[in-house]
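J.: The following comprises the amino acid sequence and a computationally predicted model.
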Amino acid sequence: MTVRQRKDHATDTTEERSMDIVDTHCHVISDDVARYPRAPIGGKQSGWATTRPVTADGMAERMDGAGIGRAVLVQATTAYGYDNSYVLDSTARRPDRFIAVGTVDPLRPDAADNLEAVTGEGGLSGVRLFTSGSTVPTQGEWFAAPETFPFWERAGALGVTVCLQMRLGPATEQLHALLRRFPTVRVLLDHMGYPDIAASPADAATEVAKLAVHPGLHLKLTHRNLERLHDAGKEANDFLSPVLTAFGANRIAWGSNLPAAEQSLPELVALARGVLAEVPEPERREIFAGTARRLYPGLGG
C-alpha cells in the first residue's frame, strides 16, 4: 500500500498551522568560550559549530519563527565532547522550551551508575552515544562491546532513551545483536542510521525496515534523510511506505538538525512537511510530536 493510498485527505493549511511540533534534534553552541570551552570528540571541531553556531536564546527565537513549541537540545559532541554543561544550563534557564540529551561514555567503568546520576532529577532527559560523525569518520563498533552491557542494562531499567549516532552497514549486525540482548531499551537512531536513499530508495527501505523487529528501536527522521527523499521525487514513496509500514509512525520522530543543516528552521520544517505531504494527518502528528513526547516524558503530553 502506498503512502498516497493511505492518505486520508489533502494537506490542510489550517491543520498545518495548528500542528504540535517538537524538534528532537537541534544543537546549541554558547558564545561564551571561557565558560563553555570546546572539547570535541575526535579532537576536531565540526565546521558548522564554527561557521554558523546558534545559542540557546537564538534557537528559541528560531523556534518561534517556525512554529515549534518544544525542542530537544542534543549535545553538540563535535564541539563539547562529554561536557554537557551548556545543554543542561540552557534547559535549566528555559524548561518551558527545552529538554537536554547529553553525550556519555558507556565504556567507563562506572557507566551504569554515571547514567543514573546524570539522568536524575534536574539532569539529562536522555543520552547520546556518538560512534560516527564529521569528526569521527570511522564507524566505531564499541557501542555493542561487552564492556557496555551494564550501561545498556541500566538504561533499560531506568527507561532512558538512548540516541545512537551510527551508520548502518559496518555495524548493523552489532546493532541487531545489541537490541536482541536488551529488547526493553529505547534507542532512537539518529538520522535513521544514514541509509543510502540516493542510491536506491527501495534498497534503503529494505535495510531500515529489517530493524523494525526490535520493538525498542525508534527512528529519527532529519534533513539528512529528507533531502535525499525530496531529490528522489516520486521514488521517495519506495522508501517511505515500507518504513512506515514496518515501524509505524509512532516509532518515528522528526528532528531539524539545526544548525548542522544549512537551511533555516522554517525551511527545514517546510522540507519535512513537503516530503510527508502524502502521509495521513494522524501519522504526521506522531512524527512531528507524538513519538517525541512518549520518548521524552519531560516534554509533556
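T.: Looks like it came in fine. Treat the numbers as computed from the prediction; the structure is a model and nothing was measured.
J.: hey, let's count contacts and neighbours off CA atoms from now on
T.: Fine.
J.: what's the closest non-adjacent residue to Glu147?
T.: Leu107 (6.0 Å; CA to CA, 6 or more residues apart in numbering).
J.: where's that neighbour, which helix or strand?
T.: Assigned by DSSP states H and E, Leu107 belongs to no helix or strand.
J.: cool, Pro183 as well?
T.: Counting by DSSP H and E, Pro183 is found in no helix or strand.
J.: re the thing from before, how far away is the residue nearest to Glu147 from Asn114?
T.: According to CA to CA, to the nearest Å, Leu107 stands 11 Å off from Asn114.
J.: do the same with Met166
T.: For Met166 relative to Asn114 (CA to CA), the value is 22 Å.
J.: So for these two, which sits in the more crowded spot?
T.: The neighbour comparison of Met166 against Asn114 (other CA atoms under 10 Å) goes to Met166, with 26 against 17.
J.: who's in contact with that one?
T.: Phe130, Thr131, Ser132, Gly133, Gln139, Gly140, Leu189, Asp190, Gly193, Tyr194 (CA atoms under 8 Å, 6 or more residues apart in numbering).
J.: Tell me the most packed of those residues, by neighbour count.
T.: Busiest of the contacts of Met166 [other CA under 10 Å] is Asp190, holding 27 neighbours.
J.: Backbone dihedrals for that residue, both of them.
T.: Phi and psi for Asp190, reported as degrees, to the nearest 10, are phi -60, psi 130.
J.: Just confirm it contacts Leu164, I think it does.
T.: Yes - between Asp190 and Leu164 there is a contact at 5.8 Å, judged by CA atoms under 8 Å.
J.: for the stretch 101-250 of the chain, which spans come out with low pLDDT?
T.: Residues of the stretch 101-250 of the chain that meet the criterion pLDDT under 70 lie in 133-139.
J.: Do you have the strands of it handy? List them.
T.: 126-130, 161-165, 187-189, 217-221 (DSSP state E, counting those that start in this stretch).
J.: Make TSV from those strands and add distance to Leu299 to it.
T.: Below are these laid out as TSV (distance: least, CA to CA, whole Å):
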stretch	distance to Leu299
strand 126-130	12
strand 161-165	13
strand 187-189	16
strand 217-221	16
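J.: of these, which approaches His27 most closely?
T.: Checking the strands of the stretch 101-250 of the chain against His27 by CA to CA gives strand 126-130 as the closest, at 12.6 Å.
J.: hmm, who's touching that closest one?
T.: 74-75, 77, 100-106, 119, 143, 160-166, 296.
J.: again, only using 7 Å
T.: Ala100, Val101, Gly102, Thr103, Val104, Thr119, Val160, Thr161, Val162, Cys163, Leu164, Gln165 (CA atoms under 7 Å, 6 or more residues apart in numbering).
J.: okay if I get these as CSV plus neighbour count and distance to Arg38?
T.: Output for these, formatted as CSV (neighbours: other CA atoms under 10 Å; distance: CA to CA, whole Å):
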residue, neighbour count, distance to Arg38
Ala100, 29, 18
Val101, 28, 18
Gly102, 29, 15
Thr103, 23, 14
Val104, 23, 16
Thr119, 19, 23
Val160, 22, 27
Thr161, 23, 26
Val162, 27, 23
Cys163, 25, 22
Leu164, 24, 22
Gln165, 20, 20
